[in-house]
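A.B. asks: What follows is a protein structure lacking sequence information:
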Ligand code: SF4
Ligand code: F3S
Ligand code: FES
């Protein structure tokens, strides 16, 4: 079948502003949006620029605004999208070229919540043990692939780009509730900031956008509960 693929194109060296261009692509129902982008790039216009690496929903590099929703291009198929498909860069981040956005601000926020294990610095006599029950506590938030689909679908982030955003909170949650970690206080202090968890208005866009099915609002509520719990 033929699919009409509209892509928001922008080359800052040549264009005044972004512009939609439409490409007709031969596709099957099981082709993914990423396959269509490949067809355009390889067969029609080699200047089309987008990111992808694994092509199997693992690396998180091809999150795009597809038919008005943030999704991974490698995980959404033609039979789910229809014969008219629009593809634009993730909203709320500066566009470098075509579908490629500048992720530096996103990763800066991720780094700001100390997304690594902090311990007392003394080498343990044996491995740091953790019960299956304690491991389960943060299992959901270990699944994040840092695709940015959640943060860039969040109205609070659009309104206030300094908001740390759901992805950073998810990755803070992963360590805050890890019984082997000793950096909880430091992280909660960072997330109690004006640009931290309180900017969330439980809009749920982030949950709808997450390709890993992470219960993001639950993670945010657990982190805000831990912040409140510090005072009691
Ligand atoms: Fe992507 Fe989900 Fe991680 Fe957000 S929480 S960055 S949507 S994988
Ligand atoms: Fe934004 Fe998700 Fe909260 S969309 S407002 S972080 S529930
Ligand atoms: Fe890696 Fe889609 S290309 S997640």
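C.D. replies: Right, received. Where do you want to start? All values derive from a computational prediction rather than experimental measurement. Ligands and ions are numbered 1, 2, ... in the order given.
A.B. asks: residues in this protein within reach of ligand 3, list them.
C.D. replies: Counting by Cβ under 6 Å from any ligand atom, the chain comes close to ligand 3 at 52, 53, 54, 55, 57, 58, 59, 60, 61, 62, 72, 74. All C-beta spots, glycine's among them, are computed from the backbone N, C-alpha and C.
A.B. asks: what about 8 Å?
C.D. replies: 34, 51-63, 72-75, 145, 147, 211 (Cβ under 8 Å from any ligand atom).
A.B. asks: So which of those residues are in strands?
C.D. replies: The strands, defined by DSSP state E, take in 63, 72 from these.
A.B. asks: what about the chain, any weak spots by pLDDT?
C.D. replies: Filtered on pLDDT under 70, the chain yields the residue ranges 231-232.
A.B. asks: all strands for it, in order.
C.D. replies: Under DSSP E, the chain gives strands at 2-9, 19-26, 63-66, 69-72, 84-88, 95-97, 100-101.
A.B. asks: Highest mean neighbour count out of the ones you listed?
C.D. replies: strand 63-66 (a mean of 25; mean count of other Cβ atoms under 10 Å).
A.B. asks: anything in that strand near ligand 2?
C.D. replies: No. Legend: contact between strand 63-66 and ligand 2 by Cβ under 8 Å from any ligand atom is lacking; minimum distance shown is 14.6 Å.
A.B. asks: now what about that strand, what contacts it?
C.D. replies: By Cβ atoms under 8 Å, 6 or more residues apart in numbering, the surrounding residues in contact with strand 63-66 are 33, 50, 70-73, 76, 81, 85-91, 99, 147-149, 152, 211.
A.B. asks: From the chain's centroid, how far away is that strand?
C.D. replies: Here strand 63-66 shows a centroid-to-chain-centroid distance of 10 Å under the convention Cα atoms, centre = their mean, to the nearest Å.
A.B. asks: Make 26 the first number, not 1, from now on.
C.D. replies: Okay, residue one is now 26; in that scheme the one you just asked about reads as strand 88-91.
A.B. asks: circling back: would you mind checking the residues of the chain next to ligand 3 for buried ones?
C.D. replies: Neighbour counting with 16 or more other Cβ atoms under 10 Å marks 59, 76-77, 80, 84-88, 97-100, 170, 172, 236 as buried within the residues of the chain next to ligand 3.
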